[in-house]
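[1] how would this look folded up:
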Amino acid sequence: MTRYNFPLAFYSLPPILAYIFSDFLLIDHHIPSNFQVFFLLFLLCFLYKISSFPMASRTRSQTADSTPTFNEQNLLKEPKKEVYSFDNADIAALKASGAFPARAIIRPFDREVRSDVYSDEWVCFLSYPFSIGLRYPFPTFISRFFELTGLSNAQTMPMVWRVLVTLDQIKSRHMPDLCIEDLPIAYHLRSHGSSRFLLFSTSKVPLILKATKNEDYWRRKFFFVKRDSIDKGVNLLGKWLTSGRI
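    Have a look, this model is predicted:
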């Protein structure tokens, strides 16, 4: 009486199962019947499928755990017109421009994320301020504006950025005593749809001309940076305000 030389996969079975299968395939010939071979292969495939279930479950769990939590505010009146369009090529160009320190971690493009969400891990930035020459960290004069108003920079319209950049340049070149607390002399903060804000001139002739020029698709060009990868990132405001004053 002889035993069949079992496939290598047979020896990876638990000892009890291996013993049962070896007794089942104990035969009087050197070649087992087709039924026996088929039955063994069927059981091996069945056991493999069962053993793969926990691994798949762990993989899904790990993936879910690594997904950042974004809190919805649902402030956008027409979200379909503000679909995220700042893709990975734009992100790569932004990194190459030196707009952020090399250690900054920018989240890859994700069309499903909206600009009005907030997170303890990620903070949203518009691409517009970097397109007009700003770099992070922003100048103290501009940072002070957001500290004073409590606005998120993602809800700040392009004209506000233009005004802030111009005033910061005036301060650095001509008026070192100028401070953001002087801004209400020339501008009031006003909401302008979907909880976004602009600066409204207090006089018929605005202090800075042509600051209200429109920008195409600026609402769709935003991205997220990991807070702990940039200076003072944990202190940056993420949740949008629905009312503001200055």
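[2] what's near enough to touch the nearest residue to Lys232 once chain neighbours are set aside?
    Nearest non-adjacent residue to Lys232, counting by C-beta to C-beta, 6 or more residues apart in numbering: Pro137, 6.7 Å away. Yep, even glycine has a C-beta here, placed from its N, CA and C like the rest. Contact analysis of Pro137 by C-beta atoms under 8 Å, 6 or more residues apart in numbering lists Ser143, Ile230, Asp231, Lys232.
[3] could you check how far Phe109 is from Ala92?
    10 Å (C-beta to C-beta, to the nearest Å).
[4] which one of these two has more residues nearby?
    When Phe109 and Ala92 are compared on other C-beta atoms under 10 Å, the one with more neighbours turns out to be Phe109, at 15 against 11.
[5] what pLDDT is listed against the more buried one?
    pLDDT recorded at Phe109 is 95.
[6] that one: which element?
    Following DSSP states H and E, there is no helix or strand that holds Phe109.
[7] contacts only, for it.
    Tyr84, Phe86, Asp87, Asn88, Ile91.
[8] how many other residues sit next to Ile180?
    Per other C-beta under 10 Å, the neighbour tally for Ile180 reads 21.
[9] can you check Tyr128 too?
    For Tyr128, the neighbour count with other C-beta under 10 Å is 21.
[10] where does it land on pLDDT?
    Here, the pLDDT recorded for Tyr128 equals 97.
[11] now the buried members of the contacts of Phe109.
    Buried members of the contacts of Phe109, counted by 16 or more other C-beta atoms under 10 Å: Tyr84, Phe86, Ile91.
[12] quick check: phi and psi at Lys171.
    phi -60, psi -50 (degrees, to the nearest 10).
[13] for the residue lying closest to Val113 once chain neighbours are set aside, what are phi and psi?
    Nearest in space to Val113, with sequence neighbours left out and distances taken as C-beta to C-beta, 6+ apart, is Tyr84 at 5.8 Å. Dihedral pair for Tyr84: phi -50, psi 120, per degrees, to the nearest 10.
[14] please enumerate the helices of this protein.
    Under the criterion DSSP state H, the chain contains helices at 15-24, 34-66, 88-97, 128-131, 140-149, 158-173.
[15] distance of the residue nearest to Lys232 relative to Pro101?
    For Pro137, the distance to Pro101 - C-beta to C-beta - is 9 Å.
[16] of the contacts of Pro137, just say which sits nearest to Cys124.
    Ile230 (12.8 Å; C-beta to C-beta).
[17] name the residues of stretch 105-112 that are buried.
    Ile106, Arg107.
[18] could you tell me the end-to-end distance of that stretch?
    One end of stretch 105-112 sits 19 Å from the other (C-alpha to C-alpha, to the nearest Å).
[19] for the remainder of this discussion, apply numbering that starts at 484.
    Renumbered: residue one is now 484, and that last one reads stretch 588-595.
[20] now that stretch: how far from the chain's centre is it?
    Relative to the centre of its chain, stretch 588-595 is centred 4 Å away, using C-alpha atoms, centre = their mean, to the nearest Å.
[21] same question, stretch 622-641
    That offset, for stretch 622-641, works out to 21 Å (C-alpha atoms, centre = their mean).
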